[in-house]
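**Student:** need coordinates for the following:
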Amino acid sequence: MSENLVKKTTKDTVLVLEMNDPAARNALSRDMLSGLSAAIGNVGADILSIVITGGIDCFSAGGDFRELKGTSEDLDYDDAVSGVVALILASDRVIVAAIEGPCMGAAADIALACDYRVAGAGSFMQIPAVRLGLLYSPAAIERIRRLYPRDTVRRLLLAGERFDAHEARRAGLYSRVVPTGESVSVAVRDLRKLDWRQADAVRATKQLLSDLEAGQADTDHWQKRRIELLDSEQRHIAIKQAHERFVDKHGPHR
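**Tutor:** Next up, the predicted model:
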C-alpha cells in the first residue's frame, strides 16, 4: 500500500518522490510516511539528489486525522514523522522539497528538514499545532529553532501563522519562489546539473554541513577527507575538463 502512496520517477541522477493521495490532500498517513522512509532510505548509488513533492495542487495537509486519536497514543505517529526527518538529515544526497499549495503541520516539519525548498507562488506553510491544543514534538521544535530565525519560529509555532509563499521566502522558510506549478521542474532542472564527477564532493559537503548543524563536526576527519578528494580521480577529471573549457573559450596560456 505504501508503495502506491509514493510515486517514484528518476530523471538522470535525480529521484522524484511524489506523495500521491490527492483525495486526502496527501495527508501523512502511517503508510505514506513508511513509503517515504523506504524510498529515502534505500536510494540507489546512481542517485545524487531527491525531490520530495506532493504534485501540482497540494504538498500535504499534514497529519492524517483519520489515524490520530488526540491522546498520548499518538506518540508513535510522532515517531514515524521523526523517522522520515532523521533519514533526510542523515542522507548524503541533496534533498529538496518542491512545494505547491498547502504545506502544513508534519509536512512542514519534513520540508524544513530538507536541504532547501523551492515553492510555487501559490503555496503556503503553516504549523497550527497550538490551535489544536498541542505542544508540537520537542525534538522537532529544537531543530527548527536551531536552523531558522527566532521571530520566524515563534510566528510559526506560537501563533500558528500561515506564511504565504513570498512571506515564507522573506522569513527564511522558503529558499526560492517560482511561478505556480513549476517547483518540481525548477528543482529537477537545477539538480540535474550534478553528475558523477561531483558525487563524492556533494556527499562529503552534505555530511559536513549536517555535522556542523548538529555541533558534531570533527575538524581533523574533514580535513583528511578534503585531502582525499583533492587527490581523487573525480577531482582530476573535473579540473581537466574545466581547463579544456577555458582553453576553448580563451585560447591557451601564453
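**Student:** residue boundaries of the strands in the stretch 101-250 of the chain?
**Tutor:** 102-104, 116-120, 124-126, 163-164, 176-178 (DSSP state E, counting those that start in this stretch).
**Student:** among those strands, which is nearest residue 219?
**Tutor:** Closest approach to residue 219 among the strands of the stretch 101-250 of the chain (C-beta to C-beta): strand 116-120, 25.3 Å. Quick note: C-beta positions are derived from backbone N, CA and C, even for glycine.
**Student:** break down the stretch 1-150 of the chain into its helices, ranges please.
**Tutor:** 2-5, 30-41, 75-90, 106-113, 138-147, 150-157 (DSSP state H, counting those that start in this stretch).
**Student:** could you list the low-confidence segments of the stretch 51-200 of the chain?
**Tutor:** Within the stretch 51-200 of the chain, the stretches with pLDDT under 70 are 69-74.
**Student:** hmm, back to that, could you dump the helices of the stretch 1-150 of the chain into TSV with mean neighbour count and distance to residue 235 added?
**Tutor:** Listed next are the helices of the stretch 1-150 of the chain as TSV, based on neighbours: other C-beta atoms under 10 Å; distance: least, C-beta to C-beta, whole Å:
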stretch	mean neighbour count	distance to residue 235
helix 2-5	15	38
helix 30-41	20	28
helix 75-90	17	25
helix 106-113	26	30
helix 138-147	15	30
helix 150-157	16	38
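**Student:** let's have those in CSV, adding distance to residue 177.
**Tutor:** Shown next, in CSV, are these (distance: least, C-beta to C-beta, whole Å):
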stretch, distance to residue 177
helix 2-5, 27
helix 30-41, 24
helix 75-90, 21
helix 106-113, 14
helix 138-147, 19
helix 150-157, 16
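**Student:** among those, which is nearest residue 186?
**Tutor:** That would be helix 106-113 among these, by C-beta to C-beta, at 15.5 Å.
**Student:** just checking, what packs against that closest one?
**Tutor:** Applying 3 or more C-beta pairs under 8 Å, 6 or more residues apart in numbering; DSSP states H and E, one finds that helix 106-113 contacts helix 75-90, strand 94-99, strand 124-126, helix 138-147.
**Student:** and the strands of the stretch 101-250 of the chain, which is most packed in?
**Tutor:** strand 102-104 (a mean of 26; mean count of other C-beta atoms under 10 Å).
**Student:** contacts for that one next, please.
**Tutor:** By C-beta atoms under 8 Å, 6 or more residues apart in numbering, the residues outside strand 102-104 that reach it are 25, 58-62, 97, 111, 119, 123-128.
**Student:** pretty sure residue 158 contacts residue 129?
**Tutor:** No. Between residue 158 and residue 129 there is no contact under C-beta atoms under 8 Å: 9.9 Å.
**Student:** and residue 131, what is it in contact with?
**Tutor:** Residues counted as contacts of residue 131 (C-beta under 8 Å, 6+ apart) are residue 160.
**Student:** so that it lines up with my notes, have the first residue be 459 from now on.
**Tutor:** In the new numbering, first residue 459, that becomes residue 589.
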